[in-house]
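Chemist: any chance you could fold what I've pasted below:
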Amino acid sequence: MEKNTKLVITIVLIILAGVIIFQNTDPVNLKMLFWNFQASLIILLILVLIIGIIIGYFLPKIIGESKTKNSTENSH
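Modeler: All right, here's what the predicted structure looks like:
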């Protein structure tokens, strides 16, 4: 049951992100330090979404490993 709930929430969030992304197709200027370039907002939103998914996937694993490592070091 819990797995189905997560799947439904994931699908709803993907659809919502898709609607938001595809309604924002205007070109935007992006300034980062010494660089200044123009890109479509849709590409930037997709890039940020992908980066967020990657961070959301790997960060709990990294934090879990460091907590496990710290707890084993403290027990010795």
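
Chemist: could you export stretch 6-15 as PDB, CA atoms only?
Modeler: Provided in PDB are the C-alpha atoms of stretch 6-15 (Å, rounded to 0.1, in the frame of the first residue of the first chain):
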ATOM      1  CA  LYS A   6       4.700   6.800  -3.300                       C
ATOM      2  CA  LEU A   7       4.100   5.900  -6.900                       C
ATOM      3  CA  VAL A   8       1.000   8.000  -7.200                       C
ATOM      4  CA  ILE A   9       2.700  11.000  -5.500                       C
ATOM      5  CA  THR A  10       5.700  10.600  -7.800                       C
ATOM      6  CA  ILE A  11       3.500  10.500 -10.900                       C
ATOM      7  CA  VAL A  12       1.500  13.600  -9.700                       C
ATOM      8  CA  LEU A  13       4.700  15.500  -9.100                       C
ATOM      9  CA  ILE A  14       6.100  14.600 -12.500                       C
ATOM     10  CA  ILE A  15       2.900  15.700 -14.200                       C
END
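
Chemist: so for it, mean pLDDT?
Modeler: For stretch 6-15, the mean pLDDT works out to 89.

Chemist: list the contacts of the spatially most central residue of the chain.
Modeler: What sits nearest the mean C-alpha location of the chain, by C-alpha atoms, centre = their mean, is residue 52, with 1.1 Å. With contact set as C-beta atoms under 8 Å, 6 or more residues apart in numbering, residue 52 has no partners. For glycine as for every other residue, the C-beta is placed from the backbone atoms N, C-alpha and C.

Chemist: list the buried residues in the helix or strand hosting it.
Modeler: Using DSSP states H and E, residue 52 falls within helix 41-75. Within helix 41-75, the residues scored as buried using 16 or more other C-beta atoms under 10 Å are 42, 45.
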